[in-house]
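Enquirer: the following block contains a protein sequence and its predicted model.
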Amino acid sequence: MTGLLTRRYLAEYARRPLNLVLLAVVPVVFVALSAGAIADFARILGGEAGLGRLEAATAGWAAAFLAAVACFFHVTGSREPDRRLATAGSTTSVVAARVASSLTLAAVASGGAIVALAVRTDVTDVGRAVGATVMFAVIYLAIGIAVGALVRSEVNGSLLIIFVWMFDVFLGPAMGRTESLITRFFPSHFPTLVMLDAATAHAGPLGDLGASLAWTFGALAVAVVALHSTTRPVRAGRPQRAIGGWARLRAGLRYAWREYRRNTALWVLLVGLPLFFISLSIAVTPDDPALVEVFENGRAGISVLSMIDVHGAIMVPITVAFLAGLAGLFVVLGSAEGDHRLVLSGFRPREVLAARLGVIVLAAVLVSGVSLGVTAISFQPQVWLTFALATLAVAVTYAMIGVVIGPLVGQIGGLYLMFLLPFLDVGLAQNIMFDAAPPSWAAWMPAHGAVRVLIDAAFTPTFDETTGLLLTAAWLVGLTTVAATVFRGTAAPVKA
C-alpha cells in the first residue's frame, strides 16, 4: 500500500508540470547566478572559507529551501485526503508514503543544485559536496513536513519557512565567524561546517559530520511524529454573505481586513522578519569602506561610503520585495474561492479587486514601515521622504507581481518564483554591495528604477533620478493593470 500511495502522491504533485520544472530549474538559476555574489558577500562579512567552498554551500541552501517549500505544500495541500485515507486504512502507511514521496522531491531539488554547482565551478571534493547538500535537503524537508503538519495557514507556514531559512543562511557560519554560540542551534550549522571543511569543536565527541547526521535523522524523526499525530479526521468549516454599491466595497474591505487581522501569526511574521533580519544583518556588517555610484547635479560619480550604511540602505528593498510579494501571492490565492462566491452573490469584480488590493497595499505599507523603522536605528538617509516612497514602490511592485504570478502558476510555483525573482533583482542585480554600479541586465528588472531612486535619496541631498522615477511609475502602472486583468479572470464566475 505504501508503494502505491507514494506513486500516487508523486503523480499528484506532477499534475502541475511547472512545479517539477521549477524544482529542478530554480536551484540551477540560484547557484549559477548567485554563487559568486554570495561568496563575495560572505567575504565582506568576514567569512573564513575559500571561494570554492562558499560557492558549494549555495547548492545546499538552494536544495534546502526548495525541499522545504515542496514538502510543506505536499503535506498541507493533502491534509484532508490523507486523513480520509488514514481513517479508511493505516495511518502509518499514509505517513510513510507521504515521507517517501517528499524524499523523492528533495532528491530532485538536490540533484538540480549539484548539477548547477558542477557546471559553475570545479568541485574538488565531490563526496563532501553531494553528502552535505543531501543533508541540507533532508533537514529542510523535515522542517517543511513539520510546518505543513502543524501550521494550518499556507501563508503563515511559507513565511515561517522563509524566516528560518533566511536566518540560517545569512547569519550562519558561512557568512561570518564560526564561533557564535547562537548559530550552533541553526538547522544547517553543522552541514555548513562539513561543506566548508571548517573543523570545530562545537559538536563535541560527535564531530561536525556526526552532528550533521544527528540533525538529519533527528529532524526527519520529529517530522514523522508531527505528521503522524496530525493525520486524523477534521471538522468542516462555514460559509459567508453579501450587499450594494459603495456599501459592497466597504464591506469587502472590512471583511478582507478582518480575515487577515485575525491571522495573528501572519502579522507577527511580517513584522518580526524585517525587525530581526535587518537589525542582525546590519549588526554583523563590518565598518569597511565601500564604493557606490551616485548621481549628483546630473553627474555620475563614485562615493566612498561605510559598508554599514550601504548594507542598511539595500537591506530595506530586499526585505520588502520578498515579504510584499508573498503577501500579494497568498492574499489573491487564499481568497480565490471566496471571491468567486462574492461575485456570484452580486459583488462586481472591481469591488472585490479593490478590497483585496487594499489588504495587499496595507501589508506592503506595514512591511515598509517596520523595515524603515529598524533601519533608522543605525542608518539615516539624506532624504527620508523620497527614501520611504521608493521603499514603498518596491513593496507595491512586488506585491503586484505576486498577484499576477499566483493565479498563473499556483502556490508552489508562485512561492518558488517569489523567492527567486526578488533575490535575483534586488538581492543581486541592484545590490550596490557587490558592485559600485549595477550590471547592464539589471535595467530590465522590476525594481531597478525604484532602487535607483532609493540609493539617490539615501546618499545625496538632491534628486537626480528622474529616469528612475519614470521607470518606477511605468512598472507600477503596467503591473497593476496586468494584476487587475488576471484577477478579474480568476474572480469571474465559472461557466457550466
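Expert: Sure, I can see it.

Enquirer: tell me how this structure divides into domains.
Expert: As assigned by automatic domain parsing, the chain contains the domains 1-233, 243-496.

Enquirer: reformat these as TSV; add mean pLDDT.
Expert: TSV is the format used below for the domains of the chain (pLDDT from 0 to 100):
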stretch	mean pLDDT
domain 1-233	77
domain 243-496	78
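
Enquirer: next, count neighbours for Ala86.
Expert: 18 (other C-beta atoms under 10 Å). Yep, even glycine has a C-beta here, placed from its N, CA and C like the rest.

Enquirer: need phi/psi at it.
Expert: Dihedral pair for Ala86: phi -70, psi -40, per degrees, to the nearest 10.

Enquirer: wait, it sits on Ala97?
Expert: No: in this structure, Ala86 is not within contact of Ala97 by C-beta atoms under 8 Å, at 10.8 Å.

Enquirer: immediately after whichever strand or helix holds Thr397, which helix or strand?
Expert: Per DSSP states H and E, Thr397 falls inside helix 384-422. Sequence order places helix 448-459 as the next helix or strand after helix 384-422, per DSSP H and E.

Enquirer: got the angle for that following helix vs helix 384-422?
Expert: Per axes from the mean of the first three to the mean of the last three C-alpha atoms, to 10 degrees, the angle that helix 448-459 makes with helix 384-422 is 140 degrees.

Enquirer: tell me what the helix or strand that comes right after helix 448-459 is packed against?
Expert: Sequence order places helix 466-491 as the next helix or strand after helix 448-459, per DSSP H and E. The contact analysis (3 or more C-beta pairs under 8 Å, 6 or more residues apart in numbering; DSSP states H and E) places helix 466-491 against helix 307-334, helix 336-344, helix 349-376, helix 384-422, helix 448-459.

Enquirer: would you mind measuring from Arg299 to Glu293?
Expert: Distance of Arg299 to Glu293, given as C-beta to C-beta, to the nearest Å: 11 Å.

Enquirer: got it, and Val225?
Expert: 53 Å.

Enquirer: these two: who's more crowded?
Expert: Using other C-beta under 10 Å as the criterion, Val225 and Glu293 rank with Glu293 on top: 16 against 13.

Enquirer: can you tell me the element that one falls in?
Expert: Assigned by DSSP H and E, Glu293 belongs to strand 289-296.

Enquirer: okay, now the sheet partners of that strand, with direction.
Expert: strand 299-306 (antiparallel) (DSSP bridges).

Enquirer: I'd guessed Phe72 sits against Ala142; true?
Expert: No: using C-beta under 8 Å, Phe72 is not in contact with Ala142, being 10.8 Å away.

Enquirer: from the centroid of this structure, which residue is nearest?
Expert: Phe419 (4.1 Å; C-alpha atoms, centre = their mean).

Enquirer: what's the closest residue in space to that residue that isn't next to it in sequence in contact with, if anything?
Expert: Excluding the flanking residues, the one nearest Phe419 by C-beta to C-beta, 6 or more residues apart in numbering is Phe65, at 6.5 Å. By C-beta atoms under 8 Å, 6 or more residues apart in numbering, Phe65 lies in contact with 140, 161, 165, 419.

Enquirer: top of the residues you listed by neighbour count?
Expert: Result: Tyr140 is most packed of the contacts of Phe65 (other C-beta under 10 Å), 31 neighbours.

Enquirer: you'd agree it is in a helix?
Expert: Yes: counting by DSSP: H, G, I helix; E, B strand; the rest coil, Tyr140 is located in a helix.

Enquirer: use 52 as the first number for this chain going forward.
Expert: With 52 as the first residue, the last one maps to Tyr191.

Enquirer: residues in contact with it?
Expert: When contacts are counted by C-beta under 8 Å, 6+ apart, Tyr191 touches 114-116, 118-119, 157, 212, 216, 238-239.

Enquirer: make it 10 Å
Expert: 111-112, 114-123, 157, 160, 212, 215-216, 219, 238-239, 270 (C-beta atoms under 10 Å, 6 or more residues apart in numbering).

Enquirer: name the element Leu105 belongs to?
Expert: helix 102-127.

Enquirer: what about that helix, distance to the chain center?
Expert: 12 Å (C-alpha atoms, centre = their mean, to the nearest Å).

Enquirer: returning to that earlier point: which strands and helices sit next to the helix holding Thr448?
Expert: Packing partners of helix 435-473 (3 or more C-beta pairs under 10 Å, 6 or more residues apart in numbering; DSSP states H and E): helix 68-95, helix 102-127, helix 205-221, helix 358-385, helix 400-427, helix 499-510, helix 517-542.

Enquirer: what touches both of Phe123 and Ala193?
Expert: Ser153.

Enquirer: picking up where we left off before, what residues does the strand holding Glu344 touch?
Expert: By C-beta under 10 Å, 6+ apart, strand 340-347 touches 95, 351-362, 364-365, 433, 483-489, 503, 506-507, 509-516, 518-519.

Enquirer: which among those residues count as buried?
Expert: Neighbour counting by 16 or more other C-beta atoms under 10 Å classes 95, 356, 358-362, 364-365, 483-486, 489, 503, 506-507, 509-511, 515-516, 519 among the contacts of strand 340-347 as buried.

Enquirer: and the helix or strand encompassing Thr155, what does it pack against?
Expert: For Thr155, the host element (DSSP H and E) is helix 142-171. Counting contacts by 3+ C-beta pairs under 10 Å, 6+ apart, helix 142-171 packs against helix 53-64, helix 68-95, helix 102-127, helix 130-139, helix 177-201, helix 258-281.

Enquirer: closest to Val245 out of the helices and strands packed on helix 517-542?
Expert: Among these, helix 435-473 comes nearest to Val245, with 24.5 Å by C-beta to C-beta.

Enquirer: buried residues, that closest one. List them.
Expert: Here helix 435-473 shows 437-458, 460-473 as buried, counting by 16+ other C-beta under 10 Å.

Enquirer: next one: stretch 405-417
Expert: Buried-residue list, stretch 405-417, by 16+ other C-beta under 10 Å: 405-415, 417.

Enquirer: check the offset of it from the chain's centre.
Expert: 19 Å.

Enquirer: same check, this time on stretch 236-247
Expert: Relative to its chain's centre, stretch 236-247 lies at 20 Å (C-alpha atoms, centre = their mean).

Enquirer: so which bits of that stretch are buried?
Expert: 237-247.

Enquirer: what do you get for stretch 323-340?
Expert: 324-326, 328-329, 332-333, 336.

Enquirer: appreciated, that's everything.
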